[in-house]
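Trainee: Here's a sequence, model it:
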Amino acid sequence: MLTDAKCRNTTSGDKRIVKLADGGGLYLWIYHDGRKYWRLRYWQEGKEKSLSLGVYPTVGLKDARQKLEIERKRLDGNLDPSVERRADKLRRSMAAANSFEAVALEWYEKQLHTWVPRHAEGVKRRLEVNVFPKIGKRPISEIEAPELLDALRPIEKRGAHDLAHRIMQVCGQVFRYGIATGRCQRDISRDLRGALTPHQKQHQAAVRPEELPDLLRAIAGYETQGDKQTRLALDLLALTFVRTNELIGAEWAEIDLDAGIWIVPAERMKMKTEHVVPLAKQALAILEQLREINGGSRFVFPGRNRDKPISNNTMLFALYRLGYKGKMTGHGFRSVASTSLNEMGFRGDVIERQLAHSERDEVRGAYNRAEYLPERKEMMRKWANHLDAIRKGAKVIPFKAA
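Mentor: Purely as a prediction, here's the structure:
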């Protein structure tokens, strides 16, 4: 029988390897370079086999004997420890491949081409910060509703009720992907309906159509408080009612001034579908002014670093300075345009297409870039004339498009 002292002090001397027996098939193999390994020697179906039980001194003598007992029980049950170990390794590997985190990341990669980078980063970050630490390593088929709820409760406790609901929705999509790929049987997020604190959705602030003339006049005088580029950006946002991110990231290469068309590339759109923005003569005039100011940059609205666009907050803070904090946002121009254009009698389909609201059918979306384009050009022309008229004090009377 071996002792701790013998295990610790024995060397291989001039031999390449020395094997010290402890009994029951347990050996300590000592190599010439000082490495020491525990091994179990056993016979199976007439063949001698060997199984590693760990490295000494990380695995001490007592631990090695305990491991020996475990493997001996397998042998007594006519099980081959080597085969069982490979099976255990395979089961662990399969469990890792079917963990919630593995399935979620696989689902994420499938969705990635449909998202803009900012949204994609947000989805992954929410999973990594809020969900993976709690249930990421668990086999997705074994997760129960209370476990998912436990992961969402801390988000709720810090008052982020909307975020908790959003993350639950993302988890639901992961579970449904797991069902489709045979990794789990059901979407447990459905069991949490009513378990989270309800979230009251708050729409981004927007003026009413009758308040738009005062806002336009305030913007016209903005240069007494800020710079010309920001004033032109606000005017162009009112004329085109694109999303703020789409405007500030605009590049000159996207704009055809002669044709009066701005094509926002798919990678900058919310749902990654190329979008056409007809430019009325008023919008073209603004762009001509911006060309004189910013022609040296590839961006229509460059920031202090000419190789980057202005920040998301530039126009929002300008609206604050004009006294519209809590009353109007960049996104608000989309709301007021939608309301006003509907009152003017333009067809809903035409308005929705110009707002570039999400197209879920990718094949259909590929053909929709120019859908209703003649009507959209006419609508944008009349919208620009309408803004000119009300800025000058014309009475706001909705008119029919036709």
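Trainee: Show me the strands in the chain, by range?
Mentor: Counting by DSSP state E, residue ranges of the strands within the chain are 17-23, 26-31, 36-44, 47-56, 255-256, 261-264, 275-278.
Trainee: Now tell me what touches the second one from outside.
Mentor: Contact with strand 26-31 is made by 2, 7, 10-12, 16-22, 36-41, 53, 56, 64-65, 68, as judged by Cβ atoms under 8 Å, 6 or more residues apart in numbering. (Each C-beta comes from the backbone N, C-alpha and C, glycine too.)
Trainee: Same list, the strands of the chain, but as JSON lines with distance to residue 248, mean neighbour count and mean pLDDT please.
Mentor: Written out in JSON lines, the entries for those read as follows (distance: least, Cβ to Cβ, whole Å; neighbours: other Cβ atoms under 10 Å; pLDDT from 0 to 100):
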{"stretch": "strand 17-23", "distance to residue 248": "69", "mean neighbour count": "13", "mean pLDDT": "89"}
{"stretch": "strand 26-31", "distance to residue 248": "65", "mean neighbour count": "20", "mean pLDDT": "91"}
{"stretch": "strand 36-44", "distance to residue 248": "63", "mean neighbour count": "17", "mean pLDDT": "87"}
{"stretch": "strand 47-56", "distance to residue 248": "58", "mean neighbour count": "14", "mean pLDDT": "85"}
{"stretch": "strand 255-256", "distance to residue 248": "14", "mean neighbour count": "16", "mean pLDDT": "96"}
{"stretch": "strand 261-264", "distance to residue 248": "12", "mean neighbour count": "20", "mean pLDDT": "95"}
{"stretch": "strand 275-278", "distance to residue 248": "14", "mean neighbour count": "21", "mean pLDDT": "94"}
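Trainee: Residue 293 is nearest to which of those strands?
Mentor: Nearest to residue 293 among those is strand 255-256 (14.7 Å), distances taken as Cβ to Cβ.
Trainee: list the helices and strands that closest one packs on?
Mentor: Helices and strands in packing contact with strand 255-256 are listed as strand 261-264; criterion 3 or more Cβ pairs under 8 Å, 6 or more residues apart in numbering; DSSP states H and E.
Trainee: measure residue 53 to residue 71 for me?
Mentor: As defined by Cβ to Cβ, to the nearest Å, residue 53 lies at a distance of 8 Å from residue 71.
Trainee: so what sits against both of these two?
Mentor: Taking Cβ under 8 Å, 6+ apart as the contact criterion, the common neighbours of residue 53 and residue 71 are residue 40.
Trainee: Could you verify my assumption that residue 331 touches residue 241?
Mentor: No: with contact defined as Cβ atoms under 8 Å, residue 331 and residue 241 do not form a contacting pair (9.4 Å).
Trainee: With adjacent residues omitted, what lies nearest to residue 137?
Mentor: Sequence neighbours aside, residue 99 is the residue nearest to residue 137 in space, at 5.4 Å (criterion: Cβ to Cβ, 6 or more residues apart in numbering).
Trainee: Now for residue 194, how many residues are close by?
Mentor: Around residue 194 there are 6 other residues, counting by other Cβ atoms under 10 Å.
Trainee: Phi first, then psi, for it.
Mentor: The main-chain torsion angles of residue 194 are listed as degrees, to the nearest 10 and equal phi 90, psi -10.
Trainee: quick one: it from residue 101, how far?
Mentor: As it turns out, when the distance is counted by Cβ to Cβ, residue 194 lies 27 Å from residue 101.
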